[in-house]
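Chemist: Make a model of this:
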Amino acid sequence: MQVFLQTLVGGLSLGAVYALVALGFALVYRTMGLVNFAHADVLMIGAYVASTFTMSEHLPFAVAVVAAMVITGLIGLVIERMLRPLEGKDFDLMLIGTIGFGIVLEALATLIWGATGRAVPSPVDTPPLHLLGASIPTYDLVVVGVAIVAMIALTLFLERTRRGIAMQAVAMDYDAASAAGINVGRSNAIAFSIGAGLAALAGALVGPLLYVSPSMGGSIGIDGFAAAILGGFGSIPGAVIGGVVIGLLSSFSAGHFHGYSDLVTFLVFAVLVMIRPTGLFGERTVSRA
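Modeler: Numbering: from 1, shown residues only. Just a heads-up that it's a prediction; the model follows:
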């Protein structure tokens, strides 16, 4: 029971991070019909920026996270602006463009911070909680709590604000939204910026759990991408559920299969996708191809 509880909480904290990554993927895809392959490297930049502000500038962790989200949000705006001339003209080149931006971001991170990476200390000094004999790290609970707040805030933005509703309209019918006078370019820019901010939040939160390095976006990005597919690409609730499922699969498979945990996780993922190819909450999204 002790091991089960510790593995469960660890899986939920990882799942919360994957859910944030999947939300960023889903938001851009839902609005533009585009998979942003630079998303994982934006996460890596966010992790580095947050850790730098915390460890070198000695800013409070919460302030460092917000600063990282602002900086990566600006990076998202730059990426969208660079891709905008291609929208509706060359969809394949837009996809290649996102891959190129990811390569550039990884190279910049190596130049600025080096290739060795860094270990980030936990920002929470509170002793672990003891429940039914299990020792549960307090920071894991903080990660889950922050992720839940971010998910609720995103949902409220999309459902309760004029800009969020406009973005939903673009997702449902691009041509009708344009005809109704909605500034599609602005909606796309906001989607990229929010998606980048979510990636930075995920990177900042996962930094103390894992190891911050220029290549960290690859592994976390793959898991977040898998979570988005499992939940149903473009589905906001699906991204959350998919992230939790992938996180729990990773945590429990690591506890039982050790070196083969990734293999087991993605075998289960493949089976689930074969059973339901559209994902758990698959829905129709905009197509620009």
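
Chemist: What segments of the stretch 151-289 of the chain are helices?
Modeler: With helices called from DSSP state H, counting those that start in this stretch, the stretch 151-289 of the chain shows them at 162-172, 174-179, 184-206, 216-231, 236-257, 261-275.

Chemist: Pick the most deeply packed of these.
Modeler: helix 184-206 (a mean of 26; mean count of other CB atoms under 10 Å). Placement of C-beta: from N, CA and C, glycine included.

Chemist: Now that helix - C-alpha only, CSV.
Modeler: Only the C-alpha atoms of helix 184-206 are listed here, as CSV (Å, rounded to 0.1, in the frame of the first residue of the first chain):
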residue,chain,number,x,y,z
VAL,A,184,-8.1,35.0,-37.1
GLY,A,185,-4.4,36.0,-37.1
ARG,A,186,-4.8,37.5,-33.6
SER,A,187,-6.6,34.3,-32.4
ASN,A,188,-3.8,32.2,-33.8
ALA,A,189,-1.2,34.4,-32.1
ILE,A,190,-2.9,34.1,-28.8
ALA,A,191,-3.2,30.4,-29.1
PHE,A,192,0.6,30.1,-29.8
SER,A,193,1.4,32.4,-26.9
ILE,A,194,-0.8,30.6,-24.4
GLY,A,195,0.5,27.3,-25.6
ALA,A,196,4.1,28.4,-25.1
GLY,A,197,3.2,29.7,-21.7
LEU,A,198,1.8,26.3,-20.7
ALA,A,199,4.9,24.7,-22.0
ALA,A,200,7.0,27.0,-19.8
LEU,A,201,4.9,26.2,-16.8
ALA,A,202,5.3,22.5,-17.4
GLY,A,203,9.1,22.9,-17.9
ALA,A,204,9.4,25.0,-14.7
LEU,A,205,7.4,22.5,-12.7
VAL,A,206,9.2,19.4,-14.0
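
Chemist: Leaving out chain neighbours, which residue sits closest to Glu159?
Modeler: Nearest residue to Glu159, sequence neighbours excluded (CB to CB, 6 or more residues apart in numbering): Ile165, at 7.5 Å.

Chemist: related to what we said a few turns ago, for Tyr29, find the nearest of the helices of the stretch 151-289 of the chain.
Modeler: Set against Tyr29 and scored by CB to CB, the helices of the stretch 151-289 of the chain come closest in helix 216-231, at 7.6 Å.

Chemist: Who are the packing partners of the closest one?
Modeler: Judged by 3 or more CB pairs under 8 Å, 6 or more residues apart in numbering; DSSP states H and E, helix 216-231 is in contact with helix 2-32, helix 39-55, helix 184-206, helix 236-257, helix 261-275.
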